[in-house]
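Colleague: my questions concern the predicted model and sequence given below.
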Amino acid sequence: MQTVWLTGAEWVAVLRIGLGLWWLESWRHKDKKGWFERGTGIAWAADVAGRHKWPQVRTGFEKVVAPRPRLMAYLVVYAELALGLGLVTGFLTPVALVCGLLLNLLYLVLMIHDWAEQGQNAMMALISLVALFAMAWQTWSLDSAIGLFL
């Protein structure tokens, strides 16, 4: 493979780090007080799920998320932080990539009517997939430095 300026592995690392920064930005701009104290994030998701065209989404939300809104708020917010930190530092990278891919697919399905969200989540899922199969933890990562996932 021929590349300009960086090696192919370094470009994949740039992609991984960029995805991590995207997750960190998603975490940074969340109104944490609203999510944790007023339940705004889960309430918004409940409204979206309640009007969803696929009954399985409504049922799944009612069974998994609705009974535990506070736990789910913390899970979503801190999952985004953990994904961002893991990808930027390259620590447990394959785990972060798989979890991020799954979270983006959940977001994509939940927000099927929101074109902006669909584009963002589809692109983040695609980057996760490429970074996973290109083994983006080989360069500029703690995983590489400590010999994980060789």
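Modeller: Perfect, thanks for sending it.
Colleague: touching stretch 10-18 from outside, list them.
Modeller: Stretch 10-18 has contacts (Cβ atoms under 8 Å, 6 or more residues apart in numbering) with 3, 6, 87-88, 90, 93, 97, 127, 130-131, 134-141. (Each C-beta comes from the backbone N, C-alpha and C, glycine too.)
Colleague: filter the residues you listed down to the buried ones.
Modeller: 87-88, 90, 93, 97, 127, 131, 134-141 (16 or more other Cβ atoms under 10 Å).
Colleague: next step: the residues you listed restricted to strands.
Modeller: Nothing among the buried ones among the contacts of stretch 10-18 maps onto strands, per DSSP state E.
Colleague: distance check, the residue sitting nearest the centre point of the chain against residue 43.
Modeller: The centroid of the chain falls nearest to residue 100 when counting by Cα atoms, centre = their mean (3.5 Å). Look at residue 100 and residue 43: by Cβ to Cβ, to the nearest Å, they are 24 Å apart.
Colleague: for residue 103, same thing?
Modeller: Distance from residue 103 to residue 43, by Cβ to Cβ: 19 Å.
Colleague: the two: which has the busier surroundings?
Modeller: residue 103 (21 against 14; other Cβ atoms under 10 Å).
Colleague: picking up where we left off before, for the buried ones among the contacts of stretch 10-18, which one is nearest residue 21?
Modeller: Closest approach to residue 21 among the buried ones among the contacts of stretch 10-18 (Cβ to Cβ): residue 88, at 6.4 Å.
Colleague: touching, that closest one and residue 21? I think so.
Modeller: Yes - with contacts counted by Cβ atoms under 8 Å, residue 88 reaches residue 21, the gap being 6.4 Å.
Colleague: so who does the nearest residue to residue 69 once chain neighbours are set aside touch?
Modeller: With Cβ to Cβ, 6 or more residues apart in numbering as the criterion, residue 69 has its nearest non-adjacent residue at 4.2 Å, and that residue is residue 42. Contact analysis of residue 42 by Cβ under 8 Å, 6+ apart lists 35, 65, 69, 72-73, 76.
Colleague: so which of those residues wins on neighbours?
Modeller: Highest neighbour count within the contacts of residue 42, by other Cβ under 10 Å: residue 73, with 24 neighbours.
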